[in-house]
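S.K.: fold the stuff below for me.
(one chain, ligands or ions: 1)
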Amino acid sequence: MFITFEGSDGSGKTTQIQLLEDYLRKNGQDVQLTREPGGTDIGERVRKVLLDMEHEKMHARTETLLFNAARAQLIEQEIRPALSEGKVVLCDRFADSTVAYQGYGREQDIEELRRLIDFATGGLNPDLTFYLDLPPEEGIRRKLADYQNRLDVQGLSFYRRVEAGYHEMIAQEPERWVIIDAGRSLDDVHQEVVRAVKTKLTAPAPSR
Ligand code: TMP
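M.R.: Numbers count the residues shown, from 1 in each chain. Coordinates of the predicted model:
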């Protein structure tokens, strides 16, 4: 099973995915946790290039290609092998982030992006995607207290487009997504995540 976490910056995805990993391991599941961009030696190098504050000249298309280069490597090197071993793969962001950030955020053509994503992923899609829902203002406030990277220095209107983009994607494919109100306590959010995963794990296996 392939589960991804999405949401705006500062929505608590990384903490929640780690809590879910602990929960699944304690319950005897074979779990592989990874992240985008990154998750492989090559991908982590690409991540540094993407997030480097000095790379202010990076063009939107360059950015899109780099995210997808890291993604292709992660899928072939880590995700597909883990799925074929029957593991639960948890990924902190995946292709939906490209549609949300590079598509809606940077206003690049969504259909072109989808073709590129399809090339990078070879058609691999998550079975379940959590959207940690938090108003962009609150996400920015939480992020300001944290470290900053090149992608954190966008204005509020960028994050509003990203948020609207996620909601549009969820409306187009509601069976894959679970929306979680990320403004609540860590434990409340975790319990809701666990409930949704249990439901999915006990449902008939998807055909891949
Ligand atoms: P992270 O902070 O969740 O690790 O993600 C790093 C940044 O990269 C975050 O601002 C979202 C952004 N991002 C994209 O813009 N497009 C993508 O395809 C991915 C995976 C991340």
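S.K.: and this structure, which residues reach the ligand?
M.R.: For the chain, the contact set with the ligand under CB under 6 Å from any ligand atom comprises 9, 36-37, 67, 93, 97-98, 101-102, 151. Every residue, glycine included, has its C-beta placed from N, CA and C.
S.K.: in PyMOL, how would I select the buried members of these?
M.R.: Here is the PyMOL command that selects the buried residues among the residues of the chain next to the ligand (16 or more other CB atoms under 10 Å):
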select buried, resi 9+36+37+67+93+97+98+101+102
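S.K.: nearest to D52 among the residues of the chain next to the ligand?
M.R.: L151 (10.4 Å; CB to CB).
S.K.: grab the nearest non-local neighbour of that closest one.
M.R.: Closest residue to L151 apart from its sequence neighbours, by CB to CB, 6 or more residues apart in numbering: L51 at 6.4 Å.
S.K.: doesn't A70 make contact with that neighbour?
M.R.: No: counting by CB atoms under 8 Å, L51 does not reach A70; the two are 11.3 Å apart.
S.K.: so which of those two has more stuff around it?
M.R.: Legend: neighbour count by other CB atoms under 10 Å for L51 and A70, higher for A70 (25 against 16).
S.K.: pretty sure that one sits against V46.
M.R.: Yes: A70 is in contact with V46 according to CB under 8 Å; the separation is 4.1 Å.
S.K.: overlap in contacts, the two.
M.R.: Common neighbours of A70 and V46, using CB atoms under 8 Å, 6 or more residues apart in numbering, are 37-38.
S.K.: any stretches of the protein with poor pLDDT?
M.R.: Across the chain, the ranges flagged by pLDDT under 70 are 145-147, 204-208.
S.K.: what about the helices in it?
M.R.: 13-26, 41-51, 60-74, 80-84, 95-97, 110-121, 136-144, 156-172, 186-202 (DSSP state H).
S.K.: ok so, going back, what's near enough to touch the residue nearest to L151?
M.R.: Each residue near L51 by CB under 8 Å, 6+ apart is listed here: 149-151.
S.K.: over to L201?
M.R.: Contacts of L201 by CB under 8 Å, 6+ apart are 1, 88.
S.K.: distance check, it against P174.
M.R.: 20 Å (CB to CB, to the nearest Å).
S.K.: A196: what's it in contact with?
M.R.: Contact analysis of A196 by CB under 8 Å, 6+ apart lists 128, 130, 178.
S.K.: just D152 next, same as before
M.R.: 9, 143.
S.K.: out of the contacts of A196, which is most surrounded?
M.R.: Most surrounded of the contacts of A196: other CB under 10 Å gives F130, at 27 neighbours.
S.K.: show me what that one bridges to in the sheet.
M.R.: For F130, the beta-bridge partners under DSSP bridges are F5, V178.
S.K.: burial of the nearest residue to A82 once chain neighbours are set aside, as a residue count?
M.R.: In space, and not counting its chain neighbours, A82 is closest to Q32: 4.3 Å by CB to CB, 6+ apart. Q32 has 18 neighbouring residues, counting by other CB under 10 Å.
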